[in-house]
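*Asks:* missing the sequence, but the structure's below:
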DNA sequence: TTAGCATGCACAATCGGTTGTGCATTATAC
DNA sequence: GTATAATGCACAACCGATTGTGCATGCTAA
């Protein structure tokens, strides 16, 4: 890092150039000059000088004095996925719109990395921290509380800060219904559906399983434990789990509920190896990927409403609720029916 | 934003608690205490106090005084794509490893947003700025130069700062070769290949077209201008361009060179509408997407070596080159052959 | 016994803004 | 022509760290 800065311009430099005081320059540049009764003439002079000299305020100094960093933070399991990257993108856009600077850190679904990232963000004095899909959101909330910083959970709920999540149960119910509708339209061998992917420990997976079972129950179908495979979020895990599931069986399930695009990747790989095609089954996927949709128009997908979720997050930030357990659920859209 | 901070702990508080001076506390906490001959005993006392009280240094104050923010910035066209999101993820991991805090901003391939993001990052006194896939990298470089901040171009080259990019020409040549090899193995109708996607203005697309033509020329094949459709990066654009291309024709091209996964999405959508399958052609795609790979094992893809590119970026940061026009090209991998 | 050095720490200036306060000067009121 | 108010700006303290410098005290050596 070769920062042999040719000394950046400060308000002191501008004050000298404009033959005025630093405090006046500061007031003019941060917009408080009318309140401080600086003359229009002097303000113009300072502004044009700042412009021509390429002045840029030192945000660290400003943050220090104002005790407001202007930074808002987010921790994210990973970028490399359409859902999470879309979250990051919307978050950044909304933050910018509010004059906030967004900082996002990936924490790989690792509680230690989550804490470490939160610690760094708090050290940089973020004004608010959003923990997305955190494995341990409550610890983050406590850390934020101790620093007097607001925190919000996104995607996975916590009990110590407001949470904005998808309505996983209802989404899963609708996705399952869509699968069952299509099954009913075809002469299917049976109406068993294999549920695969996700973590049995996480709230979303549990809710989705509940919605899945509920949709079946509403049609008088029971759900067997053996048909539920929450084998974690990873393509390989899904591939291995499916392999094991299929070993004693000779025919493909009629349908599958795949609990994430990453699990879908494993499922598709397994199918390819066995010479099967995705079209040999009816497949619903909880999560959305545009390339998958293009490749496979019959694939039913629950697309989480990322834009709306981020909007809700900022609403909570703007008008903080006294209720730390506030839970906001956003409906996903069912695509491909 | 409700930052009614219950006053965070400072070195002054710790000094009072430890019955010592702020400068001593500072030295102990930032590791310079041995050099300043602080006794082990006092250091231990301060450290355990800081730990138990949950002290966290104010990075704005540190940055102000040290004139080093500890922040490194990156601008990115968008997150929502496997290539760019992977870049962000590797960048962040490498930055963290060096004790730097990474800040990434999306600029939507818009020069104005690129400048604005760069301005903000410079205001936050980033120590270095990486412009990824910037439409106007040289302006960013100039802005950084004026602030005495190092800048580096990634993915698309610039002329005023070192650049790390894929070897697009060679990658395209290899990808085209792989397509031609497969064409040779089949009784293809002809050996024309449709090149679709990308921007004719951008360096990468031009290089890829050059590599494409070169591979063909090496086999004695000429390339017709009509078979090159740089219709921009967007699924819809590719779909529309393909539609127009096919209108006067009755048969699919034997093969396609698709210049990004986003263009691939448009191509696949057009094929679906026409009742075609991707397997009806031989398809090579410059870029990689794991879901696409899973869905379509015969798809040939050039996967850019993101990890290696980021490594090169940090090498340039660590040992700055006197040559602002330094161009480092990294070989992509050809997948699916 | 005292000069000389090492040890252990505190002081105060500083980074670049922000903001409460105060003081001239001019304008208005009576 | 004087009292009062408005105008226009400068001063200085402060945010929380970092760091050059200096001063006691204790120890060693002559």
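*Replies:* Looks like it arrived, so ask away. This is a predicted model, so every value here is computed, not measured. Numbering: from 1, shown residues only, chains lettered A, B, ... in the order given.

*Asks:* if you look at stretch A:281-300, does any of it touch chain B?
*Replies:* Yes. Contact of stretch A:281-300 with chain B (Cβ under 8 Å from any Cβ of the partner chain) involves A:289-292, A:294-297. Bear in mind the C-beta positions are built from the backbone N, C-alpha and C, glycine included.

*Asks:* Give me the buried subset of those.
*Replies:* Those of the residues of stretch A:281-300 next to chain B that meet the buried threshold are A:289-292, A:294-296, by 16 or more other Cβ atoms under 10 Å in any protein chain shown.

*Asks:* Which two of those have the greatest separation?
*Replies:* A:290 and A:296 (11.3 Å; Cβ to Cβ).

*Asks:* Residue A:163 and chain B: what is the separation?
*Replies:* 17 Å (Cβ to the nearest Cβ, to the nearest Å).

*Asks:* actually residue A:209, not the one I wrote
*Replies:* 24 Å.

*Asks:* in a helix, that's where residue A:243 is, yeah?
*Replies:* Yes. Counting by DSSP: H, G, I helix; E, B strand; the rest coil, residue A:243 is located in a helix.

*Asks:* who touches it in this structure?
*Replies:* By Cβ atoms under 8 Å, 6 or more residues apart in numbering or on different chains, the residues touching residue A:243 are residue A:270.

*Asks:* Please repeat the previous calculation with a cut-off of 10 Å.
*Replies:* Going by Cβ atoms under 10 Å, 6 or more residues apart in numbering or on different chains, residue A:243 touches A:266, A:270, A:273-274.

*Asks:* for residue A:7, same thing?
*Replies:* A:13, B:67, B:148.

*Asks:* I figured residue A:271 was touching residue A:280, is that so?
*Replies:* Yes. Here residue A:271 reaches residue A:280: they are 7.5 Å apart, a contact under Cβ atoms under 10 Å.

*Asks:* Name the residues contacting each of the two.
*Replies:* Joint contacts of residue A:271 and residue A:280 (Cβ under 10 Å, 6+ apart) are residue A:252.

*Asks:* Tell me which of the two has more neighbours.
*Replies:* residue A:271 (22 against 14; other Cβ atoms under 10 Å in any protein chain shown).

*Asks:* Now that one. Nearest residue, chain neighbours left out?
*Replies:* Nearest residue to residue A:271 in three dimensions, chain neighbours excluded: residue A:278, at 6.2 Å (Cβ to Cβ, 6 or more residues apart in numbering or on different chains).

*Asks:* Could I have the buried ones of the contacts of residue A:243 as ChimeraX selection syntax?
*Replies:* A single ChimeraX command selects the buried members of these (16+ other Cβ under 10 Å):
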select /A:266,270
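
*Asks:* which one of the contacts of residue A:243 is nearest DNA strand D?
*Replies:* residue A:266 (46.8 Å; Cβ to the nearest atom of the strand).

*Asks:* Chain neighbours aside, what residue packs nearest to that closest one?
*Replies:* residue A:238 (3.0 Å).

*Asks:* so which strand or helix has the one you found?
*Replies:* If you go by DSSP states H and E, residue A:238 is part of helix A:235-246.

*Asks:* So for that helix, what gets flagged as buried?
*Replies:* A:235, A:237-239, A:241-242, A:245-246.

*Asks:* Over to stretch A:129-148?
*Replies:* Neighbour counts over stretch A:129-148 (16+ other Cβ under 10 Å) mark A:129-144, A:147 as buried.

*Asks:* With stretch A:61-76 instead?
*Replies:* So, applying 16+ other Cβ under 10 Å, buried residues of stretch A:61-76: A:61-64, A:69-76.

*Asks:* How far does stretch A:250-260 sit from its chain's centre?
*Replies:* Computed by Cα atoms, centre = their mean, to the nearest Å, the chain-centroid distance of stretch A:250-260 equals 27 Å.

*Asks:* pLDDT below threshold where in the stretch 101-250 of chain A?
*Replies:* Within the stretch 101-250 of chain A, the stretches with pLDDT under 70 are A:188-189.

*Asks:* now the helices for it?
*Replies:* For the stretch 101-250 of chain A, applying DSSP state H, counting those that start in this stretch gives helices covering A:111-123, A:137-146, A:168-185, A:203-218, A:235-246.

*Asks:* how about those helices, which one is nearest DNA strand D?
*Replies:* Nearest to DNA strand D among the helices of the stretch 101-250 of chain A is helix A:111-123; the distance by Cβ to the nearest atom of the strand comes to 8.7 Å.

*Asks:* Tell me how many other residues crowd the closest residue to DNA strand C within the stretch 1-150 of chain A.
*Replies:* As assessed by Cβ to the nearest atom of the strand, DNA strand C sits closest to residue A:23 within the stretch 1-150 of chain A, at 2.7 Å. By other Cβ under 10 Å, the residues close to residue A:23 number 12.

*Asks:* If I look at it, what pLDDT would I see?
*Replies:* Per-residue pLDDT puts residue A:23 at 96.

*Asks:* can you pull the contacts of it?
*Replies:* In this structure, residue A:23 makes contact with A:11, A:15, A:36, A:38, judged by Cβ under 10 Å, 6+ apart.

*Asks:* what helix or strand does the last one sit in?
*Replies:* Right, residue A:38. Per DSSP H and E: nothing holds residue A:38, as it lies in no helix or strand.

*Asks:* That one contacts residue A:32, doesn't it?
*Replies:* Yes. Applying Cβ under 10 Å, one finds residue A:38 in contact with residue A:32, separated by 8.9 Å.

*Asks:* Find the centremost residue of chain A, please.
*Replies:* Closest residue to the average C-alpha location of chain A: residue A:87 at 4.1 Å, with Cα atoms, centre = their mean.

*Asks:* Leaving aside the residues adjacent along the chain, what's closest to it?
*Replies:* residue A:306 is the one closest to residue A:87 (Cβ to Cβ, 6+ apart), at 5.6 Å.

*Asks:* so of the buried residues of stretch A:61-76, which ones are in helices?
*Replies:* A:61-64 (DSSP state H).

*Asks:* Which parts of chain A belong to which domain?
*Replies:* A:11-57, A:69-166+A:306-330, A:168-303 (automatic domain parsing).

*Asks:* Serialize those to JSON lines and add fields for distance to DNA strand D.
*Replies:* Formatted as JSON lines, the domains of chain A follow (distance: least, Cβ to the nearest atom of the strand, whole Å):
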{"stretch": "domain A:11-57", "distance to DNA strand D": "3"}
{"stretch": "domain A:69-166+A:306-330", "distance to DNA strand D": "9"}
{"stretch": "domain A:168-303", "distance to DNA strand D": "36"}
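
*Asks:* Would you format those as TSV with distance to residue B:211 included?
*Replies:* As requested, the domains of chain A are exported to TSV (distance: least, Cβ to Cβ, whole Å):
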stretch	distance to residue B:211
domain A:11-57	40
domain A:69-166+A:306-330	27
domain A:168-303	24
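
*Asks:* I'd like to know which of these is closest to residue B:257.
*Replies:* Among those, if distance is taken as Cβ to Cβ, the winner is domain A:168-303, at 17.6 Å.

*Asks:* what's the spacing between the closest one and its chain's center?
*Replies:* 23 Å.

*Asks:* Span of that domain from start to end?
*Replies:* With Cα to Cα, to the nearest Å as the measure, domain A:168-303 spans 11 Å from end to end.

*Asks:* got it, and stretch A:242-261?
*Replies:* 15 Å.

*Asks:* swap in stretch A:154-170?
*Replies:* End-to-end for stretch A:154-170, by Cα to Cα: 17 Å.

*Asks:* Give the buried residues for it.
*Replies:* A:154-158, A:160-170.

*Asks:* more crowded one of residue A:38 and residue A:32?
*Replies:* The neighbour comparison of residue A:38 against residue A:32 (other Cβ under 10 Å) goes to residue A:38, with 18 against 11.

*Asks:* that older thread, so the residue nearest to residue A:271 makes contact with residue A:298?
*Replies:* Yes. Residue A:278 lies in contact with residue A:298 (Cβ under 10 Å); the separation is 7.9 Å.

*Asks:* So for those two, which sits in the more crowded spot?
*Replies:* Between residue A:278 and residue A:298, counted using other Cβ under 10 Å, the more crowded position is residue A:278 (20 against 12).
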